[in-house]
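Engineer: predicted structure and sequence below. I'll ask about it afterward.
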Amino acid sequence: MNTRIQKCIELIKANDLAGVVLNPGQSLTYLSGLHFHLMERPTILIITHEGEIAVVLPELEKGKLTGEAESFQAFTYGDDPGTWHTAFEQAASALKLETGRVGVEPEQLRFLELQYLNAAFPGVDFLDGSEVFAVLRLNKDEEEVAKMRRAAMIAQEALLATLRTLRLGVTEKVVANELIIQLLRAGSNPNLPFEPIVAFGENSANPHAVPTDRALTPGDLVLFDWGASYDGYLSDITRTFTFGGVEEELQQIGDIVRRANQAGRDAGAPGLAAGTVDLAARAVIEEAGYGLYFFHRIGHGLGMSPHEAPYIYAENDQILTLGMTFTVEPGIYLPGRGGVRIEDDVVVTADGLQTLTDLPREVLPIEDFID
């Protein structure tokens, strides 16, 4: 934790900030090792440019401050909301943050916390601290990558177990529920990165389909987009299968997407722009005549959050550096007929992109996996 907090302080200084404020989420856990959840009681962690750390939290949560977190200045409050402002005011007095710019996570901090902060720190300007938080967790170390690899193996094991249960007439909802059960059995933490997408037939042409009562029928493409959580780190994978044989064009787009996935994974390397990966994969699909049917970016960063920096889109000139982790997920979606997406998780190494996922990428018959 000390190394991570020191990195945060350096980023605070580099961005001319007086400090940062975090509420429950991945960045707070990354920096402190503490696990809180968003609820009606506000919790915040404050880190100043001078290295002072304070936490405002409910009295009932104080027992979580163990290990290195025991050194944090803690300001607690009870159950009466009318007294909660006192803990914020005590933190402000102790930190002596009377003026300056303090960064917050714009996608995380709620109005609930912000109103207490504004009242307790009237001379402070709370603003978007994305420049700090986007860099803070951007490059993963070996331990973090190992956890992501384990999350990928758990997810793959769960899918294989789920495929064995598929039968004619089963619904998307039933299969999605079975996949969740298998993820937990395989060792995933309960806080999955997202609810699994299971899409049959024409529904697979919707990239963010929600499982429905649509029943599995012969001739369907079957798309799974799912992931696991292991010790705070995530996986995010997509594979597509056939059931009962599909029309020739649907099988053909499966091969095109597989080649696009390979092209994207081959294209990335340290020193190249993130957009290079998108352009390489997209070129395969466009050359095959399906450019209009691929209408999202090639990937997104992955780690403690299911979506984080770097974002892999054609125009992004952010330079890839060692330890960045992200997805490569090209797709072709034919409205009313079906779609194919093939998604892998990768990490930037000295030799290029190393793939953390290894399930077959061909669009294979589900029958090959059924007992």
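Structural biologist: Now that the structure is in, tell me what you want to look at.
Engineer: can you map out the helices along this structure?
Structural biologist: In the chain, the helices defined using DSSP state H lie at 2-14, 26-32, 84-95, 111-120, 130-136, 142-163, 172-186, 248-267, 275-287.
Engineer: would you turn these into a markdown table with mean pLDDT and distance to residue 312?
Structural biologist: The way it works is simple: take the backbone N, C-alpha and C, and place the C-beta from them, glycine included. Converted to a markdown table, these look like this (pLDDT from 0 to 100; distance: least, Cβ to Cβ, whole Å):
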| stretch | mean pLDDT | distance to residue 312 |
| --- | --- | --- |
| helix 2-14 | 95 | 23 |
| helix 26-32 | 95 | 20 |
| helix 84-95 | 96 | 38 |
| helix 111-120 | 97 | 32 |
| helix 130-136 | 92 | 14 |
| helix 142-163 | 98 | 16 |
| helix 172-186 | 98 | 25 |
| helix 248-267 | 98 | 8 |
| helix 275-287 | 98 | 5 |
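Engineer: same list, these, but as JSON lines with mean neighbour count and distance to residue 46 please.
Structural biologist: Formatted as JSON lines, the helices of the chain follow (neighbours: other Cβ atoms under 10 Å; distance: least, Cβ to Cβ, whole Å):
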{"stretch": "helix 2-14", "mean neighbour count": "15", "distance to residue 46": "11"}
{"stretch": "helix 26-32", "mean neighbour count": "21", "distance to residue 46": "11"}
{"stretch": "helix 84-95", "mean neighbour count": "18", "distance to residue 46": "6"}
{"stretch": "helix 111-120", "mean neighbour count": "16", "distance to residue 46": "9"}
{"stretch": "helix 130-136", "mean neighbour count": "19", "distance to residue 46": "13"}
{"stretch": "helix 142-163", "mean neighbour count": "20", "distance to residue 46": "25"}
{"stretch": "helix 172-186", "mean neighbour count": "19", "distance to residue 46": "36"}
{"stretch": "helix 248-267", "mean neighbour count": "20", "distance to residue 46": "40"}
{"stretch": "helix 275-287", "mean neighbour count": "21", "distance to residue 46": "36"}
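Engineer: any chance of those helices in TSV, plus distance to residue 296?
Structural biologist: Compiled in TSV, those are given as follows (distance: least, Cβ to Cβ, whole Å):
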stretch	distance to residue 296
helix 2-14	30
helix 26-32	23
helix 84-95	41
helix 111-120	31
helix 130-136	21
helix 142-163	21
helix 172-186	21
helix 248-267	13
helix 275-287	10
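Engineer: let me know which of those helices is the nearest to residue 202.
Structural biologist: helix 248-267 (10.9 Å; Cβ to Cβ).
Engineer: got the contact list for that closest one?
Structural biologist: Contacts to helix 248-267, defined as Cβ atoms under 8 Å, 6 or more residues apart in numbering, come from residues 221, 240, 242, 276-285, 288, 290, 293, 298-299, 328-332, 334, 337-344, 346, 352-353, 355, 361-363.
Engineer: in strands, which of those appear?
Structural biologist: Counted as lying in strands by DSSP state E, out of the contacts of helix 248-267, are 221, 240, 242, 299, 328, 331-332, 334, 338-341, 344, 346, 352-353, 355.
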